[in-house]
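[1] model the following, please.
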Amino acid sequence: MNIKIDSNFRFSVAAIHYSASGELCITLASDSFSPDTHYQYSAVLGDGQAEERPIVSLLQYARSFAASANIKSKTRDSYRLMCLHLEAYGDSAVEKVTTAYLQGFIRHLQSKGLKSGTVRLYFQKLASVLHDAYKNGLFDDRILQRVKRPRREQEKRSFLSEAELKRLTRHRLPEEYSNIQTMFLFSCMTGLRYSDVRGLRWKDVRRNGKHLQLEFHQQKTDTSERLPLCAEAETLLRGIERRGEHVFLEESNQRVNVVLKRWCRNAGVRKRVSFHVARHTFCVLLLDRGVPIYTVQRLMCHSDIEATKVYADIRASTEARAVRKMPLIE
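    Below is the predicted model of the structure:
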């Protein structure tokens, strides 16, 4: 009897045996995965036909995926923690994963007191593993689509108003902090994260007709992005002296936030400001000027529109407070 196995991986036969029910079990190993990961094909003999049923441990598949994928160490840590929770919850064969199983995994994470954002993160990692299994013909992706995922928490996000931003701009810092000041203002005008501002190179600044744009690699999402620059951002760039490959001098995040705190206090801005507040400020300023939310999503390099809607909700609460300041008339 010949059994044909269609797969993108190269396998070797690890074991062949008959079960008590007369089922022929063939265990296959693959160099593509760790030694303790096997695919088992069960061939039921009858009517001259053999039914192949691939069986692979979800936990082992997840660990192998995290180890073999081209991902950063920080992301790999997220996969490692997800696997620890999956092991505590209970392993399953990939082919036997159901919507109920996945919904139970979410409840398991929630029972550990994890924040909604953390639960979403771990489930997203598991979803990435299952999507990879789907591409290899081991999983029905429709099962994943039916899972009700936890809602994104409405985090309180601080941002600077236009008046506060102008107040900071008018209050110049000493020369030794000018690099930090320009970095922060540039982020307010572009929405770039600290990692992307710090890693920005002069070759990432390109001319597009009469204006400049950035063509850079976004650190967090590991994607290539193109971002047009506003006039103020262009002015900030032109005022920077070229002293090497990178646009800005290297600064530690801790030192940057210490300087920002002092800058705000001296300028009379009574808010707790970190560098990431600049990104929030950019988004809210765009929305205040009536820029469509889907355009804002692209400028913020958000892959999920829900992330952008958080800022729209902030703006809505600001508008509500403004309306309540209207005078009473009889």
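
[2] stretch 262-279: which residues count as buried?
    263-264, 267, 269, 273, 275-279 (16 or more other C-beta atoms under 10 Å). For glycine as for every other residue, the C-beta is placed from the backbone atoms N, C-alpha and C.

[3] what's the answer for stretch 158-167, then?
    By neighbour count on 16+ other C-beta under 10 Å, the buried set for stretch 158-167 is 159-160, 164-165.

[4] show me what contacts Cys230?
    189-190 (C-beta atoms under 8 Å, 6 or more residues apart in numbering).

[5] for Tyr134, see how far away it is.
    42 Å (C-beta to C-beta, to the nearest Å).

[6] now the buried residues of stretch 262-279 as TSV including secondary structure?
    Shown next, in TSV, are the buried residues of stretch 262-279 (DSSP: H, G, I helix; E, B strand; the rest coil):
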residue	secondary structure
Trp263	helix
Cys264	helix
Ala267	helix
Val269	coil
Val273	coil
Phe275	coil
His276	coil
Val277	helix
Ala278	helix
Arg279	helix
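
[7] and the two most separated of the residues you listed?
    Ala267 and Arg279 (19.5 Å; C-beta to C-beta).

[8] okay, strands next: where are they in this structure?
    Ranges of strands in the chain, per DSSP state E, are 11-18, 23-30, 38-44, 54-55, 205-208, 211-218, 223-228.

[9] weakest of those strands by average pLDDT?
    For the strands of the chain, mean pLDDT drops lowest on strand 38-44, to a mean of 47.

[10] closest one of the buried residues of stretch 158-167 to Lys309?
    Looking across these and measuring by C-beta to C-beta, the closest to Lys309 is Phe159, at 15.0 Å.

[11] ok, for the closest one, nearest residue in space, not its chain neighbours?
    Computed as C-beta to C-beta, 6 or more residues apart in numbering, the closest residue to Phe159 that is not its neighbour in sequence is His280, at 4.0 Å.

[12] wait, that neighbour touches Ser161, no?
    No. His280 is not in contact with Ser161 according to C-beta atoms under 8 Å; the separation is 11.4 Å.

[13] touching, Glu225 and Phe216? I think so.
    Yes. With contacts counted by C-beta under 8 Å, Glu225 reaches Phe216, the gap being 6.0 Å.

[14] quick one, which of the two is more surrounded?
    Ranked by neighbour count (other C-beta atoms under 10 Å), Glu225 and Phe216 place Phe216 first, with 22 against 16.

[15] give the contact list for the more buried one.
    Taking C-beta under 8 Å, 6+ apart as the test, what Phe216 contacts is 196, 199-201, 204, 224-225, 227.

[16] try it again at 6 Å.
    204, 225 (C-beta atoms under 6 Å, 6 or more residues apart in numbering).

[17] and it, how far from Asp204?
    4 Å.

[18] and Thr221, by the same measure?
    Distance of Thr221 to Asp204, given as C-beta to C-beta: 16 Å.

[19] how about low-confidence regions in this protein?
    Counting by pLDDT under 70, the chain shows low-confidence ranges at 1-54, 69, 73-74, 152-156, 313-330.

[20] let me see the domain layout of it.
    The chain breaks down by automatic domain parsing into domains covering 11-55, 58-145, 162-321.

[21] quick one: closest of these to Arg151.
    Here domain 58-145 is closest among those (C-beta to C-beta), at 6.5 Å.

[22] returning to what we had before: give me the more crowded residue out of Thr221 and Asp204.
    Taking other C-beta under 10 Å, Thr221 and Asp204 do not tie; Asp204 has more neighbours (17 against 12).

[23] in contact with the more buried one, which residues?
    Taking C-beta under 6 Å, 6+ apart as the test, what Asp204 contacts is 214-216.

[24] closest one to Lys115 out of the residues you listed, please.
    Phe216 (30.5 Å).

[25] so the closest one versus Tyr294, what's the distance?
    Phe216 is 21 Å from Tyr294, by C-beta to C-beta.

[26] cool, and Ser128?
    For Ser128 relative to Tyr294 (C-beta to C-beta), the value is 25 Å.

[27] quick one: which of the two has more around it?
    Ser128 (18 against 11).

[28] how near is the residue nearest to that one when sequence neighbours are not counted to Gly244?
    Nearest residue to Ser128, sequence neighbours excluded (C-beta to C-beta, 6+ apart): Phe65, at 7.7 Å. Going from Phe65 to Gly244 by C-beta to C-beta gives 39 Å.
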